[in-house]
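K.L.:
Attaching a predicted model along with its sequence, questions to come.
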Amino acid sequence: RIIIICTWLCVAPKMDARKAYYRFVILFFNCALTFGSYYCFDMPSVLQTQMESKKNGNDLGLSGTQYNLLYAIYAWTNALMVLIAGFMIDKLGNSFGLFLFSFMCVLGSAVFALGATFGSFPVMLLGRLIFGTGNGSLTVVQNRVSTFWFKGKELALAFGFTLSFSRLGSVLNFLVTDRYAQWLWPGDPRTQVVNTLWSGSVLCGLGFASAGVTAYLDERGMAQLGRTEHTLANARRVNVKDIFKFSLLYWLVALTIMFFYNGVFPFVADASLFIHNKYGFSVDMSSMIAGGVYDMSLVLAPFCGFLVDRLGRRGILALLCSLCSVPVFGILAFTCIHPLIPILWFGVTYSVAASTLWPSIPLVVPLQLVGTAMGVATTVQMIGIGVSNLIVGKLEDLNRYTGSSQPTAQYWLSRSKADYGECAHHNLNQTDTVSVSDTQGSTQAPVPDKNWTYIMIFLFGNIIACVIVSIFLNIRDSQTGYVLNRSKAQRQAAATRQETHQGTEEDAEEGNEDERAKLLPNVPFEGRDKQSIN
């Protein structure tokens, strides 16, 4: 990545922003912004067993509530900060947001690693707070850059690629982080957590370098297109009161996003522990299966974006994604079907939903307010996710074994069928896929199977709420001229009519100027500005 960045810095002065390839070069570096930060975001999910380990006095020994608080505080910080960040980006520009928020990601990941190094949970929380300040806001400016360069062209495709690159970081985290940690530092959970978190900070630093290149190309491209002054003029007109002018259609899109993501992020955060407890797979295998949601989005998101650009029908697709996600949590809660099947299916619906919902926002707000609109939508989303993470954490700790004595491996084997599910009992006795040493000598017990059932029912409720809101979304869209459910041909026809209408108005205005000019025969032409003619 460093070689690629240096190469593009050398050839960038020769690039023409009017050519199509220029926006795709910007898209590449724009995608690279969040690779490292998304790798770091879900590190706690992969390292949950090590973080909650209490094998010796040197371990972190987090409770389920403390662990989920790491995600909740990230979500709450996002909820507040992205609201401010969206407005700041609209007022101060993309470059300001790119540098500031990518730096906050680097700083937050480093503080989080520092807290783990010294065994201080408050410092770890502070690190996640700073990291949340940067990462959510960085996604807002990333989406704003994509909107400027791709609106009316391949907008959903651009959003699909940014999602795919971000999820590449998440997928690599689920695939390699636990193996990497156990291979380099076997038998020491604390060391595994600390050194792995520091390596994640380095990846965030590469994202900061990508932010510099993206800012340079964005500023240079706008100057070539002659859009700099126009953009600055629009920025001066942005007012915080514009939030109250957003349409009902926009708010329905934001709520649809919130309820759908309430089912995704809290589930992925605890999925590896859920699979390990209920199905009896090893920690390593559980992490790989849990990453299936992101695996599918990594592969499918660009293709989904391409199809959305061609087909349109965004409101209908949002409803279909919600409906198709309904069976996922029922299967996980009440059956022993291999968890990879519903998780991969959830990854498919998530890919379509992400490629459909987020690119819908620029269609329902003015271009100069895209940053603010993205920030508000992310705020709504993160409030929901933060509350959901807390509820999941409380349900996880409900009636959980916390005795002071150290339970043995035989204890877990004897209790698995009675308290920890038929699926885990089957795997422990038939396939022997669980590593008994994961629980031996630990006072942090597996979560009872009935607790996971409560959690799945709660997540199921969020998806049902998403279905209901998306129905109202389609009803409102039909009342406002099918802004979201137009096909590509209909959008092109509407754009042509708008351009023709604008051209007619401009010709009429020029004619009026000529008529008014005839009434001022003694005024030199160069002095006939609009004010003197009026």
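P.N.:
Ah, there it is. Residues are numbered from 1 along each chain as shown.

K.L.:
C-alpha only now, for contacts and for neighbours.
P.N.:
Fine.

K.L.:
Buried residues of the helix or strand F265 falls within, list them for me.
P.N.:
Using DSSP states H and E, F265 falls within helix 248-279. The neighbour-count check on helix 248-279 (16 or more other CA atoms under 10 Å) flags 249-279 as buried.

K.L.:
For the strand or helix carrying L307, buried residues please.
P.N.:
Applying DSSP H and E as the criterion places L307 in helix 292-311. By 16+ other CA under 10 Å, the buried positions in helix 292-311 come out as 292-309.

K.L.:
what do you get for stretch 210-226?
P.N.:
So, applying 16+ other CA under 10 Å, buried residues of stretch 210-226: 210-215, 217-218, 220-222.

K.L.:
Now, these that are in helices?
P.N.:
210-215, 217-218, 220-222 (DSSP state H).

K.L.:
Just send the buried residues of stretch 210-226 back as TSV, with distance to L484 and pLDDT too.
P.N.:
Output for these, formatted as TSV (distance: CA to CA, whole Å; pLDDT from 0 to 100):
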residue	distance to L484	pLDDT
S210	33	89
A211	31	90
G212	34	88
V213	33	89
T214	29	89
A215	30	89
L217	31	88
D218	28	86
R220	32	85
G221	29	84
M222	28	82
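
K.L.:
Check those and tell me the two furthest apart.
P.N.:
Among the buried residues of stretch 210-226, the pair separated by the greatest distance (CA to CA) is S210 and M222, at 18.3 Å.

K.L.:
circling back: report the inter-axis angle for the helix holding L307 versus helix 248-279.
P.N.:
Here helix 292-311 runs at an angle of 150 degrees relative to helix 248-279 (axes from the mean of the first three to the mean of the last three CA atoms, to 10 degrees).

K.L.:
Which elements pack onto helix 292-311?
P.N.:
Applying 3 or more CA pairs under 8 Å, 6 or more residues apart in numbering; DSSP states H and E, one finds that helix 292-311 makes contact with helix 155-184, helix 340-357, helix 488-518.

K.L.:
Let's see that with 6 Å instead.
P.N.:
helix 155-184, helix 340-357 (3 or more CA pairs under 6 Å, 6 or more residues apart in numbering; DSSP states H and E).

K.L.:
Could you tell me the least trusted of the ones you listed?
P.N.:
Mean pLDDT across these is lowest at helix 155-184; the value there is a mean of 81.

K.L.:
For that helix, which helices and strands make contact with it?
P.N.:
Counting by 3+ CA pairs under 6 Å, 6+ apart, helix 155-184 packs on helix 35-41, helix 283-290, helix 292-311.

K.L.:
which stretch among the ones you listed comes nearest Y22?
P.N.:
helix 292-311 (18.5 Å).

K.L.:
follow-up on the earlier one: helix 248-279 and whichever helix or strand comes after the helix holding L307, what's the angle between them?
P.N.:
Counting by DSSP H and E, the next helix or strand C-terminal to helix 292-311 is helix 314-334. Orientation check (the same axes, to 10 degrees): helix 314-334 against helix 248-279 gives 20 degrees.

K.L.:
what does helix 314-334 contact?
P.N.:
342, 349, 353, 356, 453, 456, 460, 467, 470, 474, 484-485 (CA atoms under 6 Å, 6 or more residues apart in numbering).

K.L.:
got CSV for those residues, with neighbour count and distance to D242 too?
P.N.:
Listed next are the contacts of helix 314-334 as CSV, based on neighbours: other CA atoms under 10 Å; distance: CA to CA, whole Å:
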residue, neighbour count, distance to D242
P342, 20, 41
T349, 24, 33
A353, 25, 27
T356, 31, 24
T453, 17, 43
M456, 21, 38
F460, 22, 35
V467, 24, 28
S470, 27, 24
N474, 25, 24
L484, 25, 21
N485, 19, 25
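
K.L.:
Nearest to G393 among those residues?
P.N.:
Of those, the one sitting nearest to G393 (CA to CA) turns out to be M456, at 12.5 Å.
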